[in-house]
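Trainee: mind folding the following:
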Amino acid sequence: MSFPTRTQVWRVKNSPAESVVLDFSDNATFALTEEPLPHLEDGEMLVENVYFSNDPVQRSMIQKDVLEESLCFAPVREGDVVISYSIARILAIDSNTSSGFKVDDLVFCMTGGWRRYAVVKANSSACLPLMVPENVPITAALGLFGMSGYTAYYGLKDILKLKEGDSLIVSGAAGAVGNIVVQYAKNVIKAKTVIAIAGSENKCKWLKEIGADIALNYKADTFPQDLHDATPDLVDAFFDNVGGFILDLAITRIKRFGRIAACGSISGYDKDVGKPTMGTTWPEVTTKRLAIQGFSALDFMFPPDGSNRVATEGFPDIASAFQRGDVTLEHAEEIVEVPFTDVPRVWGMLFTGSNSGKLVTKLKPSA
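Mentor: Residues are numbered from 1 along each chain as shown. The predicted structure follows:
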């Protein structure tokens, strides 16, 4: 059997200071190259990427002149391969490698990046076995049973410490993390009231179908008043995926000693980068004694004590919720099949609000 010796690769061409440019012009953010594959060495394997995860954090990693200490992952500079989680198929393993993997296995790959083919380490620093329940699509390893699901789970459990009877606002509620937060908070934790915020009436309708008590369209002219009317008694907690003016407004609708999980700030990732978008309601953080904590799910998945909370808590709890029907994948995945040349275009959908749930790129087979 012959194996590929070259691969297509997407690298950062021009680090964006503001919005990304997703074309093939001189100003394009990314450049498509074709490069030779290195020979397999001890402890390595050749994989073919099949699915790519699309995540807002990738945008912050390529920001022009971003400081490493400002990120939870290493920055991706001009000339670097774009980093992405993926589901990959093992094509070959070095004969001297003992890893537990075998040819044709599908694995969760953390280091392949935007490459069609990649040579990666055959160990847990690079690849992990897919961890999804039986009869669940493998793409859920990038969403509900991947970083999106565990971000929602640990954000609710460890950061907000949400409990039965609490009330919650969720921004970016129709996104990969947000929709899981809505479902888990309402259907598993039994929150009294879950208020979901999204960017279209169709998204709001879907969110009410999966658990939200109230769903508000932030693009409506009446949104500030709608949020006020939806929270007459204020809320206990806010799971924020967006930042910006929605965070400004939400601060005014949280009870004294309330909690905010700062999960993301996608409103400022790809436009108005570095420009202040909040602050008018910041004094209420002090007067209400609000607790705000930023976090990464990785802090809790694999803590410094060496334990594996995914295996002991996260996965079994989410799997049980899924089996009971408390959490669904229906309409919560958007899988877009494209040739490798269109990988950046699909990723760019994250910043236009055109998708719901987890956005996954499926690569068309090589010609």
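Trainee: from Gly149, how far off is Val320?
Mentor: In this structure residue 320 is Ser, not Val. Here Ser320 is placed at a distance of 13 Å from Gly149 (CB to CB, to the nearest Å). Glycine gets a C-beta too; all of them are placed from N, C-alpha and C.
Trainee: show me which of the two is the more surrounded one.
Mentor: Neighbour count, other CB atoms under 10 Å: between Ser320 and Gly149, Gly149 has more, with 30 against 13.
Trainee: contact partners for that one?
Mentor: The contact partners of Gly149, taken as CB atoms under 8 Å, 6 or more residues apart in numbering, are Gly143, Ile180, Gly314, Ile318.
Trainee: mind redoing it with 10 Å?
Mentor: Listed by CB atoms under 10 Å, 6 or more residues apart in numbering, the contact set of Gly149 reads 140-143, 176-177, 180-181, 184, 297, 310, 314-315, 317-319, 321-322, 327, 358.
Trainee: and Ala176, by the same measure?
Mentor: By CB under 10 Å, 6+ apart, the contact set of Ala176 is 53-56, 142-144, 146-149, 151-152, 241, 332-334, 350, 355-360.
Trainee: report the buried members of those residues.
Mentor: For the contacts of Ala176, a neighbour count by 16 or more other CB atoms under 10 Å gives the buried set as 53-56, 142-144, 146-149, 151-152, 241, 332-334, 350, 355-360.
Trainee: tell me which entries of those lie within strands.
Mentor: Ser53, Glu333, Glu334, Lys358, Leu359, Val360 (DSSP state E).
Trainee: quick one: contacts for Arg116?
Mentor: Residues in contact with Arg116 (CB under 10 Å, 6+ apart) are 4, 6-10, 34, 37, 48-49, 339-340, 343, 363, 366.
Trainee: same check, this time on Gly348
Mentor: Applying CB under 10 Å, 6+ apart to Gly348 gives the contacts Ser19, Val20, Val21, Leu22, Thr29, Asn54, Arg59, Asp270, Asp342, Ser354.
Trainee: ok, 7 Å please
Mentor: Val20, Leu22 (CB atoms under 7 Å, 6 or more residues apart in numbering).
Trainee: flag every buried residue along the helix or strand harbouring it.
Mentor: Using DSSP states H and E, Gly348 sits within helix 343-348. Within helix 343-348, the residues that count as buried by 16+ other CB under 10 Å are Val343, Pro344, Val346, Trp347, Gly348.
Trainee: output it as CSV, restricted to C-alpha atoms.
Mentor: Extracted in CSV, the C-alpha atoms of helix 343-348 (Å, rounded to 0.1, in the frame of the first residue of the first chain):
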residue,chain,number,x,y,z
VAL,A,343,-11.5,25.0,5.3
PRO,A,344,-11.1,28.7,6.2
ARG,A,345,-14.4,29.6,4.7
VAL,A,346,-16.3,27.2,6.9
TRP,A,347,-14.4,28.4,10.0
GLY,A,348,-15.4,31.9,9.1
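Trainee: re the thing from before, list only buried entries from the contacts of Gly149.
Mentor: Buried members of the contacts of Gly149, counted by 16+ other CB under 10 Å: 140-143, 176-177, 180-181, 184, 297, 310, 314-315, 318-319, 321-322, 327, 358.
Trainee: so which of those residues are in helices?
Mentor: Counting by DSSP state H, the members of the buried ones among the contacts of Gly149 that fall within helices are Ile180, Val181, Phe315, Ile318, Ala319, Ala321, Phe322.
Trainee: now those as TSV including pLDDT?
Mentor: Below are these laid out as TSV (pLDDT from 0 to 100):
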residue	pLDDT
Ile180	98
Val181	98
Phe315	97
Ile318	98
Ala319	97
Ala321	98
Phe322	97
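Trainee: can I get those in TSV including distance to Leu207?
Mentor: TSV is the format used below for those (distance: CB to CB, whole Å):
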residue	distance to Leu207
Ile180	12
Val181	11
Phe315	25
Ile318	19
Ala319	23
Ala321	17
Phe322	18
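Trainee: which parts of this protein are helices?
Mentor: All helices of the chain, identified by DSSP H, fall at 57-61, 147-154, 178-183, 201-209, 223-230, 244-251, 283-287, 298-301, 309, 315-324, 343-348.
Trainee: so for the fourth one, mean pLDDT?
Mentor: Helix 201-209 shows an average pLDDT of 97 in the prediction.
Trainee: and for the last one?
Mentor: Average pLDDT, helix 343-348: 97.
Trainee: could you do the fifth one as well?
Mentor: In this model, helix 223-230 has an average pLDDT of 98.
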